[in-house]
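A.B. asks: A predicted structure for the sequence below; I have some questions about it.
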Amino acid sequence: MRYFVRDGTLFIRGRFRAASTGVGGGIADVTTVLNHTVPHDFQEDPVRRLELITARHGIFRDYFGLLTAVDMHHLCVLQYDSVTVFITAGVSNPTPSPSTPHTINIIAYSREGMADAALLETIITATGAKAWALHQLGYDFPGTTTDAVVAACERDAEPMHTYAGTLTEIGRRVHEAVLFGLPEALAKQQGRVKREGPSFFIYSRYGGDHWVEWQKENCPYYPCHFAGQRCDYCYCPCYPCGDDDLGEWVESSNGGRVWGCADCTLLHTPEGADYMKRNPEATLAELKRFRERI
């Protein structure tokens, strides 16, 4: 899975099995899930708008799309082990009103395989967490009139997860990510938290289980590789790549094995980071070839 924001649109690219409640939703194999910002006075056909956006980027048919009036620099991305959740949120339309288009869009991705029933249950789990988060914030409604959820997993992975309710590991991760991330997304959209771009949170067990927002400006470990390194991809979009040239599987203190790549600087050189920004869907082999040329 790769994700990037371009021209007011979040693109999530890969080979997915996905379920969507958004425009043209359902259950399907897709290569792209996107969340696109529209103007506040948007009156166009949603299907047509998504067709134009995807065609402009060479994407045809096999995608699920969401629309929102929330700007993508208010996006919150939350990573909890194998689960990544993307949230944009605004709550100006708890009741029908064409002049207040803000909405809550949630995309939950798992790099582990899921049965179709688990994908559908992920939508229920995310919706329940959204309603509870709004309740805790003091809102008297469980969502807006235009909210949408997409649940996606790696298409080629074996279906490890049959269920995704809150008693399951994957459901608990989705629930916790939405419960924490929705208030953060609203705080950004409402101007109470100011960031120059999307926010990235990771669930950390170091020093006790908690969420951490990564900000390169305040990183206490800089420079962790070398002076002058670029930290745009501190949390690598290729992780876990499984390439023996770049890392190795190591035993986790919490049990199991995790991909260790502390010595990899593939995307930390200024040239490598810039190349990735220009070519966000570059394969690992392409990135390695580029490194050899510089």
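C.D. replies: Yep, that arrived.

A.B. asks: what bridges to the most centrally placed residue in the chain?
C.D. replies: The chain has Phe86 as the residue nearest its centroid, 3.5 Å off, counting by CA atoms, centre = their mean. The residues paired with Phe86 through beta bridges, assigned by DSSP bridges, are Val77, Ile107.

A.B. asks: that one: what's it in contact with?
C.D. replies: Taking CB atoms under 8 Å, 6 or more residues apart in numbering as the definition of contact, the neighbours of Phe86 are 3, 10, 12, 35, 75-78, 105-109. Where you see a C-beta, it was placed from the backbone N, CA and C, and this is true even at glycine.

A.B. asks: quick one, strands of the stretch 51-200 of the chain?
C.D. replies: For the stretch 51-200 of the chain, applying DSSP state E, counting those that start in this stretch gives strands covering 63-68, 76-80, 83-89, 104-110, 148-154, 199-204.

A.B. asks: next, format those strands as CSV and append distance to Lys130.
C.D. replies: Supplementary listing: the strands of the stretch 51-200 of the chain in CSV, determined by distance: least, CB to CB, whole Å:
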stretch, distance to Lys130
strand 63-68, 14
strand 76-80, 13
strand 83-89, 9
strand 104-110, 6
strand 148-154, 8
strand 199-204, 16
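
A.B. asks: lowest confidence element among the helices and strands of the chain?
C.D. replies: Taking all helices and strands of the chain together, the one with the lowest average confidence (mean pLDDT, DSSP states H and E) is strand 257-260, at a mean of 86.

A.B. asks: that one pairs with which strands, and in what direction?
C.D. replies: Under the criterion DSSP bridges, strand 257-260 sits next to strand 248-251 (antiparallel) in its sheet.

A.B. asks: ok, back up a step: hmm, who's touching the least confident helix or strand of the chain?
C.D. replies: By CB under 8 Å, 6+ apart, the surrounding residues in contact with strand 257-260 are 239-242, 247-252.

A.B. asks: neighbour-wise, give me the winner out of these.
C.D. replies: Gly247 (20 neighbours; other CB atoms under 10 Å).
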